[in-house]
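Visitor: Could you look at this predicted model? Sequence included:
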Amino acid sequence: MSSTRTRTRPAGRSTGFGGTVAAEWTKLWSVRSTWWTLLAAVLVTAAAAGQLAIYAANANTNDDPTDDRGIVTVGSILIDSMELTQYAVLALGLLAVTSEFTSGTIRTTLQCTPSRGRVLLAKAVVTAAVTFPLGLLLGGVGALVAGPVLGEWGTAPVAGTLRDLLAVAAYLALVGVLALGLGAALRSAVLTLIVLLATLMIVPLSLQEPDITVLNRIADGFPAVAGGHFMAGDVEPYPASAGLLLLVGWAVVALGLGRVALRRRDA
Amino acid sequence: MITLRGLTKRFGSTTAVDALTVDIAPGRVTGFLGPNGAGKSTTMRMILGLDRPTAGQALIGGRAYRELRHPLHEVGALLDAKAIHPARSGRAHLLAMARSNGIPARRVDEVLATVGLDDRAAAKPGRTLSLGMGQRLGIAGALLGDPPVLMFDEPVNGLDPDGVRWVRQLMRLLAGEGRTVFVSSHLMTEMQLTADQLVVIGRGRLLADAPIDEVVAGSAVAVRVRSPHPDGLAKLAERLTAAGATVEAAGPDELTVTGATVDRVGDLAYESGVRLHELSQHGASLERAFMELTAGSVEYAGVPDPVGETR
C-alpha cells in the first residue's frame, strides 16, 4: 500500500463548488437512463408538435368556420407542446436526487460533500446546464416538425421564434430544478411525480374548470400556468416577466424545501 | 483519532446509541464489536454526519464531520457495499467521488489495483456486482483520499477466505502506517485475529473499551464436567451451586462450571461419589468474553427448543 500512496490533495488549488459540480456531472452521464430520458424528450416533442400542428391546420381547412385560427406561429405550437414534453425533461431533475435515495448512494454523496446546500446547488446547476440546452434542441426539433406540417398556415418570424425557443428552454430548466428540489424533499420518485402532476396540471386545471375569476387568479399563481404566460409573452393577467419571476420563485422554494429536508433528516 | 463524547441516538422511544464516550486512537486496529442491532452502524453513521445525534458529539481530529471541506482526505469509510447505483459502473462511481474532493483520476486506477478489481470488473454496472466485489469497491472508495482515519462496517461480509485474509492484512497495514482504523464486526473470531483494541457495545451501551488481551483475560475460565450418571451430575451441580459456583447444563451428561477451579470441582465430585468421564479447564477466548459481556443485551435471542415437545 505505502508504495502506491500518492499526494492526492492538489497543492494550492481549491476544489470547492467546482468539484461538487464535476462529481454531479459525472454521475448524471454515467447512467444510461439519462440518455433514454433525452431520447424520450425528443420523441415526445416531435409527436406533440406534429399533432398540435395538424390540429391547427385542420381547424382552418375543415367545414366549420367558427374554429378557424388563421395563420399561427411555429413558436406557439412549440410552447403548447411543452405541456407534454416537460414531463420527460423534469424526470432528469427528479432522478438526479431520488435515484440516490433508492440506491443508497446519497450516503456516499454526503460523505464526499457534507454540506447539504452545496450538494443540492451543484445538482441544480447540472440539471439547469443540461435542461436549458436540451430545451433549445427540443425547440429546434419541434419547429422542424411543426413547420412543414403547418405549411401555408404557419409562420416563423426569426426574432419571434428565437424568443420562443429561449423561453421554452428557460421554462424547462426551471421546472427541472423545481422537480429536483421536490425530489430532495420527498425522496421517493413516485411521490414526487404525483406531487408534480398535481402542481403542474391537475390542481390548476381544476381551478380553471368552472371559469370563476377568483379561482382563475389562484390558478395563475401555479408554476405551469405562470410559465405558460411567460412563454406566450402575455400581458394579462400579469406581464411575461412576472410569470418568469413566479416560476423562479417556485424553483427556489422547492430547492429550499429540499435543503431543509436534507439537513434535518437522517440520510 | 475519533472522539465520541456522550454520543446518543434515540429513534422515538428506542435508544439505539446510549451516551457513548470513547477515543479511537491512531496506529492500531480498533474492533467495534456487538450483537446485531447493538448500534454499531448508527454510531458509524453519526461519526460521518449522516445521522444527527440526539445528544453528544462525534469528532474526527477534533472537528465534526459536517465541518470538513474535503472529507475524503480526512476520513475514508465503507458503510454499505450495496450502495452503488444499479446502472453506474464501479469506476464511474469512484470517479465521481474523486472529482468531488479534487482527487486526480489516476488515483482511481491506483485504488482499483490495490483492492484487486481489474478493468473488466470496474466497468460492470452496480447491479451485477457480487457482495464481495461491492466490498472491494467500497474499500477502494475509502482509500481514495489517502485518509489518516478509516472506518469499515462489516468489511468481510460476503468475502471468500482469500478476501477475508486480504482485508485482515490491509487493516494491519493501514494501522501500521499510523492510521486510525475502526472496524465493526459481529464475528468475534475475526476480531481476535485483526484488532489490537476492542470497543464492545450492547443495546447502544459501552460494555468494554480495552486492549483485546485484557478483554479476553477478563473472561471467566470455565470447567467442563462430564459423567455417565445424570443423578450424580445433578447432585454435583447442587453442591457446586452451594459452594458459590455458577453451573450450566451443557448437555444431558455435561456441566459447564464457572466460579470454581478445576481442583475444587474435582474434590467436590470425589466427595459426592460421582464418577467422571471428563474434567477439563477451558481457556478464555474472545468468543466467551463477548458472550459474557453482551449477555442480557442481545436484541434477538433464540429461544431453546423444548426437548420432546416438537411434534
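Guide: Great, that's in hand.
Visitor: could you pull out the helices for chain A?
Guide: Assigned by DSSP state H, chain A shows helices spanning A:17-29, A:32-61, A:74-103, A:105-112, A:116-150, A:158-186, A:189-197, A:203-208, A:213-219, A:223-232, A:240-264.
Visitor: centre of the chain versus the second one, how much separation?
Guide: This means helix A:32-61. 16 Å (C-alpha atoms, centre = their mean, to the nearest Å).
Visitor: Mind checking the pLDDT average for that helix?
Guide: Mean pLDDT, computed over helix A:32-61, is 92.
Visitor: Mind listing what's buried along it?
Guide: A:33-34, A:37-38, A:40-42, A:44-46, A:48-53, A:56-57, A:59-60 (16 or more other C-beta atoms under 10 Å in any protein chain shown). For glycine as for every other residue, the C-beta is placed from the backbone atoms N, C-alpha and C.
Visitor: Low-confidence regions, chain B specifically.
Guide: B:218-220, B:283-286, B:296-311 (pLDDT under 70).
Visitor: Domains of it: list them as residue ranges, please.
Guide: Segmentation of chain B into domains, based on automatic domain parsing, reads B:2-211, B:222-283.
Visitor: From A:Thr20, how far out is whichever residue of the stretch 101-250 of chain B sits closest to chain A?
Guide: With C-beta to the nearest C-beta, the shortest gap between the stretch 101-250 of chain B and chain A falls at B:Gly102, namely 2.7 Å. According to C-beta to C-beta, to the nearest Å, B:Gly102 stands 10 Å off from A:Thr20.
Visitor: Pick out whichever of the two has more residues nearby.
Guide: Shown here are B:Gly102 and A:Thr20; by other C-beta atoms under 10 Å in any protein chain shown, A:Thr20 has more neighbours (25 against 21).
Visitor: and A:Pro210, how many neighbours does it have?
Guide: 8.
Visitor: Not counting sequence-adjacent ones, nearest residue to residue 257?
Guide: Assuming you mean chain A. Nearest residue to A:Leu257, sequence neighbours excluded (C-beta to C-beta, 6 or more residues apart in numbering or on different chains): A:Ala185, at 4.2 Å.
Visitor: Correction: the question concerned chain B.
Guide: Of all residues not flanking B:Val257 in the chain, B:Val223 sits nearest, at 4.4 Å (C-beta to C-beta, 6+ apart).
Visitor: Could you say which helix or strand holds the one you found?
Guide: Here B:Val223, judged by DSSP states H and E, is contained in strand B:222-226.
Visitor: just B:Thr8 next, same as before
Guide: Using DSSP H and E, B:Thr8 maps to strand B:2-11.
Visitor: helices and strands around the lowest-mean-pLDDT helix or strand in chain A, which ones?
Guide: Lowest on mean pLDDT, DSSP states H and E among the helices and strands of chain A sits strand A:154-155, with a mean of 84. With contacts taken as 3 or more C-beta pairs under 8 Å, 6 or more residues apart in numbering or on different chains; DSSP states H and E, strand A:154-155 sits against helix A:32-61, strand A:72-73, helix A:74-103.
Visitor: re earlier: residues in contact with the strand holding B:Val223: which ones?
Guide: With C-beta atoms under 8 Å, 6 or more residues apart in numbering or on different chains as the test, strand B:222-226 has contacts from B:233, B:236, B:250, B:253-258, B:260-262, B:265, B:269, B:276-282, B:288.
Visitor: at 10 Å what do you get?
Guide: For strand B:222-226, the external contacting residues (C-beta atoms under 10 Å, 6 or more residues apart in numbering or on different chains) are B:233, B:236-237, B:240, B:245-248, B:250-251, B:253-266, B:268-269, B:274, B:276-285, B:288.
Visitor: what about A:Arg217, distance to chain B?
Guide: With distances taken as C-beta to the nearest C-beta, to the nearest Å, A:Arg217 is found 42 Å from chain B.
Visitor: excluding its backbone neighbours, what's nearest A:Ala49?
Guide: A:Gly142 (3.7 Å).
Visitor: Pretty sure the one you found sits against A:Leu43.
Guide: No. With contact defined as C-beta atoms under 10 Å, A:Gly142 does not count as touching A:Leu43 (11.5 Å).
Visitor: Which neighbours do the two have in common?
Guide: Joint contacts of A:Gly142 and A:Leu43 (C-beta under 10 Å, 6+ apart) are A:Thr85.
Visitor: how about A:Val177, what does it touch?
Guide: Shown in contact with A:Val177 (C-beta under 10 Å, 6+ apart): A:90, A:93, A:120, A:123-125, A:127-128, A:131, A:247-248, A:250-252, A:254-255, A:258.
Visitor: Make a ChimeraX selection of whichever of the residues you listed turn out to be buried.
Guide: The ChimeraX selection below is limited to those of the contacts of A:Val177 classed as buried (16+ other C-beta under 10 Å):
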select /A:90,93,120,123,124,125,127,128,131,247,248,250,251,254,255,258
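Visitor: The contacts of A:Val177 also near chain B: which ones?
Guide: Among those, not one lies near chain B by C-beta under 10 Å from any C-beta of the partner chain.
Visitor: So what's the residue count around the closest residue to A:Ala261 other than its chain neighbours?
Guide: Counting by C-beta to C-beta, 6+ apart, A:Ala261 lies nearest to A:Ala185, which is 4.4 Å off, once chain neighbours are set aside. A count of nearby residues for A:Ala185, using other C-beta under 10 Å, gives 21.
Visitor: ok, now which ones touch A:Ala185?
Guide: Applying C-beta under 10 Å, 6+ apart to A:Ala185 gives the contacts A:97, A:191-192, A:195, A:254-262, A:265.
Visitor: After the strand holding B:Val223, which helix or strand is next? Please name it.
Guide: helix B:230-242.
Visitor: what does that following helix rub up against?
Guide: Here helix B:230-242 makes contact (C-beta under 10 Å, 6+ apart) with B:223, B:225-227, B:229, B:245-249, B:252-255, B:257-260, B:264-265, B:268-269, B:271-276.
Visitor: rerun that using 6 Å as the cut-off
Guide: For helix B:230-242, contacts defined as C-beta atoms under 6 Å, 6 or more residues apart in numbering or on different chains pick out B:227, B:247, B:255, B:257, B:268-269, B:272, B:274.
Visitor: Could you write out the alpha-carbon coordinates of that helix in PDB?
Guide: Output in PDB follows, covering the C-alpha atoms of helix B:230-242 (Å, rounded to 0.1, in the frame of the first residue of the first chain):
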ATOM      1  CA  PRO B 230     -27.300 -37.900  35.400                       C
ATOM      2  CA  ASP B 231     -28.300 -38.300  39.000                       C
ATOM      3  CA  GLY B 232     -24.700 -37.900  40.200                       C
ATOM      4  CA  LEU B 233     -24.300 -34.900  38.000                       C
ATOM      5  CA  ALA B 234     -27.400 -33.300  39.400                       C
ATOM      6  CA  LYS B 235     -26.100 -33.900  43.000                       C
ATOM      7  CA  LEU B 236     -22.700 -32.400  42.000                       C
ATOM      8  CA  ALA B 237     -24.400 -29.400  40.500                       C
ATOM      9  CA  GLU B 238     -26.200 -28.800  43.800                       C
ATOM     10  CA  ARG B 239     -23.100 -28.900  45.800                       C
ATOM     11  CA  LEU B 240     -21.200 -26.600  43.300                       C
ATOM     12  CA  THR B 241     -24.000 -24.100  43.500                       C
ATOM     13  CA  ALA B 242     -24.000 -24.200  47.300                       C
END
